Structure formats: C-alpha cells, structure tokens
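Visitor: Using only what follows, build the 3D model:
(one chain, ligands or ions: 1)
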Amino acid sequence: MRAVNIREISVKSAISRSSLPEYDYAVNPYSGCLHGCRYCFAIDFTMQNDARVDWGGTVYVKKNLPEILDHQTKSMRRGLVGISTVTDPYIYPEATYRLTRQSLIILLSRGFRVSLQTKSPLVLRDIDLISRYQEQIDVGFTITSMNREVTDVIEPYAPSPASRLHALERLSMAGIRTWIFIGPIIEGVNDSEPVISEIVEAASRYSSRIIFDFYNEYAGSSALLKGLIPERSVKMGKAGLSWKKGIMDMFRDLSARFGVEVNLQSEEWLRRPAMGKLF
Ligand code: SF4
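Guide: Residues are numbered from 1 along each chain as shown. So this is what the prediction gives:
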C-alpha cells in the first residue's frame, strides 16, 4: 500500500453556504483528497498547502466535524446539502473515522436533504442509513470512462469504474435515487462516442440519470495534467466552443437512444428546486 499523510485537525465550522448554485449548503469532512484526480478543481480550493502540493498523498481529517455539525444545524434553516463538494466523502480513512456517516445521521434525522457524490464503493457501508432516508437523499458516482487505462492516468488512486458501477447498481436496486456524473470531459481523452455511450447505457440499465460537464482550466489541475494529456486539451478556451456543442449534441442523441435523462452540470440548479432546494 502507498504511503499517505493523514493529519487530524479540529474545525470551528462544519457546514457552509454552498458556492454551487444547485446546493444550499456544503459539508466536507476531509480537506484534500486521497483519490488524487489530476483534473480536480478542488486543488485550488484546498486551504492546506501540503495537501495541495501533495495532491492525493496528504489529507486532513476534520475530527470534530460531527460535534460541530450537530451544534450548528440545531437551529439552521433546512435545505439541500452537498456532501462532499471539494473532497470525496468515502476516501478510505472514512472506514475508520466515520465522519461522513455521522454527518448523514445528523443531517437526515433533522430533515435536511442530502446529495452525496463519490467515486468509492465504501458508500455501500451506509446503505442501511441511505435506504431509511431515501426520500431525502440521492447518490451520484463520478465516472469519467469505463476504461481503466484512462482512469489510471487521470484519477490514479480512485476505485475502479467497474466497482463504482457495481455500487450504483446495488443502490439503485435498493430503490435509491442515483446519478452518474460524467466529468470532466476532456478533449481527446474521454470525449468519444463509444466512451460516453458505454456510461449512458449503464445509466439506462440501472434507472439512473446523467449529469455531465467539461474540463475547466485551473492552475493546480493544469500543472498535474501537463505531460499526461495533449497541451491543447488542457487549454479549453473559445476554440473549444464547437467541440462543446458537438458533445452536447452527442448527449442529446444518447439521451433519446437510451431513454436516460441528461443534464449539463450548470443547468442542475434549474432542476434542483423541484427536488427540495430552498431558493
Ligand atoms: S475524487 Fe473528487 S475531490 Fe477527490 S481528487 Fe477526485 S475529483 Fe477531486
């Protein structure tokens, strides 16, 4: 097993207003992420310099987060909480620390709605809890490609795409609302019709839906992707507009062919109010 740095910290706040329009609040039990995805925008939003520099190798565990969350949410207006927005809530230390599980218990029992997003089948450990509160929760899995040779390069320490799909199947079979996030889509890396249609077809099999998004250039991820993928794929400016339109057309066709609901990430906020968002 590779060596990683796990550092415990105490926090003063456990929940914040989300900067993503589809959520009211965000909870992130960890800072940094051991999945080490090369395209991750969260590198630029991670407070601790060593976690940023050693992306995928250093993570901060917010050990007192459940206690603070319990206190903060007692009188907070109920709304939709994104778990997690700048880390993965089921990186492997979660098996020991159980911060995500404790956060779910607090939020769901108090009537908050929760949207979980992960790349890890460890989420299945909490299937009892998720099933009990299934009217209040949905679970998304990020799948950029089913091809392990691709994912080993761009998300080197994340669980295999096949294991994520298996976890999604288990949750869907249990009647839980699931979705697949295909993103980021990177030109020349995971943008071909066979790659994307394989995932959309899987979503159709498990009565799931699709959210997708394009790669956006950030300083941290650009540095990590350099040399791994073509330089022009990292720099998505105006030149990418016709490429993006082509991808959106492809999704429209695949949505019709497989009978799967597909939404661009930036349009999620239009859909979320119907699912319980506050504003
Ligand atoms: S799992 Fe998500 S938060 Fe973690 S490195 Fe990958 S993209 Fe970033």
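Visitor: Any idea how many residues pack against S115?
Guide: If you count neighbours by other CB atoms under 10 Å, S115 ends up with 24. Just so you know, the C-beta spots here come from the backbone N, C-alpha and C atoms, and that holds for glycine as well.
Visitor: confidence score at whichever residue of the stretch 51-200 of the chain sits closest to the ligand?
Guide: Using CB to the nearest ligand atom, the single residue of the stretch 51-200 of the chain nearest to the ligand is D88, 3.9 Å away. Per-residue pLDDT puts D88 at 98.
Visitor: Between the two ends of stretch 215-222, how far is it?
Guide: By CA to CA, to the nearest Å, the extent of stretch 215-222 from end to end equals 10 Å.
Visitor: Need the contact partners of that stretch.
Guide: 38-41, 43-44, 52, 55, 183-187, 233-236 (CB atoms under 8 Å, 6 or more residues apart in numbering).
Visitor: give me that answer again for 7 Å
Guide: Applying CB atoms under 7 Å, 6 or more residues apart in numbering, the contact partners of stretch 215-222 are 38-41, 43-44, 52, 55, 184-186, 234-236.
Visitor: what sits against T87?
Guide: Listed by CB under 7 Å, 6+ apart, the contact set of T87 reads 28, 30-33, 42.
Visitor: Let me know the average pLDDT across stretch 1-13.
Guide: Rounded mean pLDDT across stretch 1-13 is 95.
Visitor: Stretch 233-250 too?
Guide: Average pLDDT, stretch 233-250: 82.
Visitor: what secondary structure does V139 sit in?
Guide: strand (DSSP: H, G, I helix; E, B strand; the rest coil).
Visitor: Tabulate the CA atom coordinates of the lowest-mean-pLDDT helix or strand in the chain in CSV.
Guide: Ranked by mean pLDDT, DSSP states H and E, the weakest helix or strand in the chain is helix 231-234, scoring a mean of 73. Provided in CSV are the C-alpha atoms of helix 231-234 (Å, rounded to 0.1, in the frame of the first residue of the first chain):
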residue,chain,number,x,y,z
GLU,A,231,-1.5,20.6,-24.2
ARG,A,232,-4.4,21.8,-26.3
SER,A,233,-6.8,19.5,-24.2
VAL,A,234,-5.7,21.3,-21.0
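Visitor: wait, I247 sits on I186?
Guide: No. Applying CB atoms under 7 Å, one finds I247 not in contact with I186, separated by 10.7 Å.
Visitor: With adjacent residues omitted, what lies nearest to K226?
Guide: Nearest residue to K226 in three dimensions, chain neighbours excluded: V234, at 6.9 Å (CB to CB, 6 or more residues apart in numbering).
Visitor: Provide a list of residue ranges in this structure with pLDDT below threshold.
Guide: Counting by pLDDT under 70, the chain has low-confidence residues at 236-239, 272-279.
Visitor: Let me see the ranges of the helices in this structure.
Guide: Taking DSSP state H as the criterion, the chain carries its helices at 49-53, 65-73, 94-97, 99-109, 127-132, 148-154, 161-173, 193-205, 219-225, 231-234, 241-258, 268-271.
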